[in-house]
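> just need the structure, nothing else, for what follows:
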Amino acid sequence: EKGVVFGSPLTEEGIAQISQLIEYLHKHLRAEGLFRVPGNSIRQQILKDALNSGADIDLDSGEFHSNDVATLLKMFLGELPEPLLTHKHFHAHLKIADLTLFDDKGNKTSTPDKERQIEALQLLFLILPAPNRSLLKLLLDLLYQTAKKQDKNKMSAHNLALMFAPHILWPRNVTASDLQENITKLNNGVTFMIKHSQKLFKAPAYIRECARLHYLGSRAHASKDDLDLLTSPSSKELQPLKSQKRSRLDTCHQEETQQRTEEALKELFRHVHNMPDSAKKKKLIRQFNKHPTALTPGSDVRTPPVQRRTRSRSFSGLIKRKVLGTPIIMERKSRDVTPERASKENIHLLEKCGSPAHVSPAKMKFLEGRKEDSCRRVRAHLLSKESSSL
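Residues are numbered from 1 along each chain as shown. I've put the predicted structure just below:
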């Protein structure tokens, strides 16, 4: 009858029970013939029943021997409904054993291509079910440490592979005669796994690089679910650490953005500086001067001096000076000149010219024309205001 642990599909609860055996064996790696010498069958049955019942076991009490525990671990793996490396990956492992190097002429040699074999195993282990992957990692690490003590326990990686290949890789319900032509490949494959176990549970380098680039690209696009998770009650104790990390990332991002902005502004200013003299160039320079904090280029780019020139006097100014006989200062043009302002300027002009008795008929006629023109502009402006208000 199937128990809770032995003979049942692999679960996390079963792994938790079996991990007690693995931890105990890590303390007894120097035992000679470990995993090869069988233990006591009676003690093994007692230990098996205790594991199936979920009872607490004190393996350090001295009641059980390391050979009892090692044999029971192999028994557990052999009674799984499916080998630890799964049936569907069996043929893939046979193909991995055939990965060999090529010579200079492109011909296949008999020398194994270790790098390609490691990468293939890394990919296979990534797609294993989670419980299988967890237990396989614990097991291969145990066997790797055991092989390192082979001078004491007389168990090399190859000897250990002979003990475990039937339990973790061979398909169920087959015999050694059925696998006669593939037994060497399978044993050598498990030997390779034991020797390189410290590398096999990492993703290949190119996958890690793709993951890193993907993380960097999506760092600034946190989803709403992630933000909700950060604010959940269960993660309050992690919020200060996460906020500090986010602030450091944001600071780095802001510094990079500011540096790119300054470089772009410098390039823009150089372009403006090299433009031929024109109204457009002067307009752009004025915009730079209006916003010194936002548009100031680096110290290596100097603001080109603006050539000042005297404005030519307007035609109307020449007429005023000729007719009125008084020097008139050139008035600045303004975009927001209103009729009221123009009228006030004309009145001021009349006051400067003196009384009508001292004004010649030609001057008087000119001033009256200016006054009538100002009145027309005032009326037009008032009418436009009334129509817009209606």
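> next secondary structure after the one helix or strand Leu142 maps to?
Using DSSP states H and E, Leu142 falls within helix 130-148. On the C-terminal side of helix 130-148, the closest following helix or strand by DSSP H and E is helix 150-153.
> quick one: average confidence on that next one?
Summarised as a single mean, pLDDT over helix 150-153 is 95.
> what comes up buried for it?
For helix 150-153, burial by neighbour count (16 or more other CB atoms under 10 Å) applies to Asn153. Heads up, the C-betas are built off the backbone N, CA and C, glycines and all.
> only alpha carbons, please: show the following helix or strand past that helix as PDB.
Tracing the chain C-terminally past helix 150-153 and defining elements by DSSP H and E, one meets helix 157-168 next. Only the C-alpha atoms of helix 157-168 are listed here, as PDB (Å, rounded to 0.1, in the frame of the first residue of the first chain):
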ATOM      1  CA  ALA A 157      31.400  10.300  -9.200                       C
ATOM      2  CA  HIS A 158      31.300   7.400 -11.600                       C
ATOM      3  CA  ASN A 159      30.600   4.900  -8.800                       C
ATOM      4  CA  LEU A 160      27.800   7.100  -7.500                       C
ATOM      5  CA  ALA A 161      26.300   7.300 -11.000                       C
ATOM      6  CA  LEU A 162      26.200   3.500 -11.200                       C
ATOM      7  CA  MET A 163      24.100   3.600  -7.900                       C
ATOM      8  CA  PHE A 164      21.700   6.300  -8.900                       C
ATOM      9  CA  ALA A 165      21.200   6.300 -12.700                       C
ATOM     10  CA  PRO A 166      18.600   3.500 -12.500                       C
ATOM     11  CA  HIS A 167      16.600   5.500  -9.900                       C
ATOM     12  CA  ILE A 168      16.700   9.000 -11.400                       C
END
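> export the following helix or strand past helix 157-168 as PDB, just CAs?
Where DSSP H and E defines the elements, the next helix or strand beyond helix 157-168 is helix 183-195. Backbone C-alpha positions of helix 183-195 (Å, rounded to 0.1, in the frame of the first residue of the first chain) are rendered in PDB as follows:
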ATOM      1  CA  ILE A 183      23.500   2.000 -20.400                       C
ATOM      2  CA  THR A 184      27.000   3.500 -20.900                       C
ATOM      3  CA  LYS A 185      25.500   6.800 -22.200                       C
ATOM      4  CA  LEU A 186      23.100   7.000 -19.200                       C
ATOM      5  CA  ASN A 187      25.800   6.200 -16.600                       C
ATOM      6  CA  ASN A 188      28.200   8.700 -18.200                       C
ATOM      7  CA  GLY A 189      25.400  11.300 -18.300                       C
ATOM      8  CA  VAL A 190      24.700  11.000 -14.600                       C
ATOM      9  CA  THR A 191      28.500  11.100 -13.900                       C
ATOM     10  CA  PHE A 192      28.700  14.400 -15.900                       C
ATOM     11  CA  MET A 193      25.700  15.800 -13.800                       C
ATOM     12  CA  ILE A 194      27.500  15.000 -10.500                       C
ATOM     13  CA  LYS A 195      30.800  16.600 -11.600                       C
END
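> list the helices and strands helix 183-195 packs on?
For helix 183-195, the contact count by 3 or more CB pairs under 8 Å, 6 or more residues apart in numbering; DSSP states H and E identifies helix 90-97, helix 114-126, helix 130-148, helix 157-168 as packing neighbours.
> at 6 Å instead, please
If you count contacts as 3 or more CB pairs under 6 Å, 6 or more residues apart in numbering; DSSP states H and E, helix 183-195 packs onto helix 90-97, helix 130-148, helix 157-168.
> which one of these lies closest to Lys283?
The closest of these to Lys283 is helix 130-148. By CB to CB, the value is 66.5 Å.
> convert the helix or strand where Gln45 lies to CSV, retaining C-alpha atoms only.
Here Gln45 sits within helix 41-53, counting by DSSP H and E. As requested, C-alpha coordinates have been extracted for helix 41-53 and formatted as CSV (Å, rounded to 0.1, in the frame of the first residue of the first chain):
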residue,chain,number,x,y,z
SER,A,41,16.4,-3.9,6.6
ILE,A,42,14.6,-3.8,10.0
ARG,A,43,15.9,-0.3,10.9
GLN,A,44,15.1,0.9,7.4
GLN,A,45,11.5,-0.2,7.7
ILE,A,46,11.2,1.5,11.0
LEU,A,47,12.6,4.7,9.5
LYS,A,48,10.4,4.4,6.4
ASP,A,49,7.2,4.1,8.6
ALA,A,50,8.2,7.1,10.6
LEU,A,51,8.7,9.2,7.5
ASN,A,52,5.4,8.0,6.0
SER,A,53,3.5,9.0,9.2
